[in-house]
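*Asks:* This is a predicted model, with the sequence first.
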Amino acid sequence: MPDAPMNQPGDSAAAPPSQIQLQAAWDLLQTLRDAIGRALIGQSAVVDQVLIALCAAGHVLIEGVPGLGKTLLARALATCVNARFARIQFTADLMPSDVTGHALYNLREERFEIRRGPVFCNFLLADEINRAPAKTQAALLEVMQEGQVTIEGQSFLLPPPFMTLATQNPIEHEGTYPLPEAQLDRFLLKIQIGYPTLAEEAALVRAITGGQVGDKLDVSQVPEMTTVEAVLELQRIAARLRLDDAVLDYAVRLTAATRATPGFAIGAGPRGSLALVRAARAQALLNQRDFVTPDDIKTIVKPALRHRLTLAAEYEMEGAQVDEVLDDLLHRVAAPRT
């Protein structure tokens with residue numbers, strides 16, 4: 001499939017994408033959807049949300065128990081895009097330099113050399129990120145926000161696109177370090193991955209045990225179908241989709257309402273509104289539209305805001321969940337008519 005035409009230097013950044021560009025983007029997203037879905041059986045909603053983050057040039061925090069395919073998802077995405085992939089297993093003794101890199105003295109040449117760390121890639125899997133201490137977690141802050149790494153006072157730009165897919169286990173808390181608010185806010189989406197249905201699990205077992213030795217999930221059958229340049233164009237197209245002022249106002253009102261509802265002790269800040277609008281544009285593109293609707297905002301509001309919110313103590317004592325309070329908020333904040 002041919003890539004969408006690149007923007008010319010004289011093009012306006014706000015100019016809506018052409019029909020040719022839109023069709024190329026829609027075709028590419030559907031192809032990625034199908035290819036990753038064949039490798040990761042039974043997690044279509046998770047695949048969609050990761051593709052939304054990819055289109056919006058954002059990072060994702062994936063929460064789920066072990067064995068649900070989080071690593072496979074990241075590897076399959078990198079394989080499809082023919083991009084550089086790196087995996088870091090976060091542990092209690094992991095140092096910041098193990099993530100970003102370090103300077104090493106070359107005795108023969110009598111000078112320091114920079115050894116680049118695993119973050120110098122396109123897709124980074126930060127596995128069990130909450131098992132590393134805060135100092136190591138913070139090593140990702142600059143990378144995720146600025147797209148650059150500073151080693152011994154020298155700054156190095158990362159080649160775009162750069163996407164962090166971090167995972168954490170919601171059940172095991174012993175020996176873990178909760179992510180600080182500043183780092184949580186850097187993730188565009190928090191994706192919750194659950195167990196597959198019985199039919200999906202049966203299909204997964206059938207695929208893995210049919211003539212294969214061991215239980216390793218294989219990505220060798222995932223085809224390389226696009227390039228990083230096409231992904232960058234996909235991101236530019238998503239950023240230029242039409243967004244009515246009334247829909248933008250709805251996103252801002254929803255985010256502001258989290259700061260006024262009694263269900264939350266801490267609401268989402270302006271970065272929440274930004275994330276919601278960026279993700280809604282990508283959601284519209286995934287749904288093969290060139291404009292954003294209030295339904296796009298409603299669909300993506302939980303993944304975009306849930307990690308930016310803290311439940312009030314009384315709600316937490318009653319066993320309430322952040323998503324439940326957000327559901328109530330969606331019923332109370334009026335959506336614009338389309």
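*Replies:* Received, thanks. Numbering: from 1, shown residues only.

*Asks:* And stretch 97-108, what's buried?
*Replies:* By neighbour count on 16 or more other Cβ atoms under 10 Å, the buried set for stretch 97-108 is 98-102. C-beta coordinates here come from the backbone N, C-alpha and C atoms, glycine included.

*Asks:* Name the nearest of those relative to K135.
*Replies:* Proximity of the buried residues of stretch 97-108 to K135 (Cβ to Cβ) peaks at V99, which lies at 10.4 Å.

*Asks:* okay, the closest one: pLDDT?
*Replies:* You'll see V99 listed with a pLDDT of 93.

*Asks:* so what's it closest to, chain neighbours aside?
*Replies:* Leaving aside its sequence neighbours, V99 sits nearest to A139 (Cβ to Cβ, 6 or more residues apart in numbering; 4.5 Å).

*Asks:* backbone phi and psi for the one you found, please?
*Replies:* Main-chain torsions, A139, degrees, to the nearest 10: phi -60, psi -20.

*Asks:* Looking at the buried residues of stretch 97-108, spot the one nearest F90.
*Replies:* Closest to F90, out of all of the buried residues of stretch 97-108 and judged by Cβ to Cβ, is V99, at 8.7 Å.

*Asks:* Which parts of this structure are helices?
*Replies:* In the chain, the segments counted as helices under DSSP state H are 19-39, 44-55, 70-81, 96-100, 134-137, 139-146, 181-184, 198-209, 228-239, 245-257, 270-286, 294-305, 313-317, 322-332.

*Asks:* now the last one against helix 294-305, angle please.
*Replies:* The directions of helix 322-332 and helix 294-305 differ by 150 degrees, with axes from the mean of the first three to the mean of the last three Cα atoms, to 10 degrees as the criterion.

*Asks:* Please tell me how far helix 322-332 is from the chain's geometric centre.
*Replies:* Mean-position distance between helix 322-332 and its chain equals 22 Å (Cα atoms, centre = their mean, to the nearest Å).

*Asks:* Which strands or helices does it pack on?
*Replies:* With contacts defined as 3 or more Cβ pairs under 8 Å, 6 or more residues apart in numbering; DSSP states H and E, helix 322-332 has these neighbours: helix 245-257, helix 294-305.
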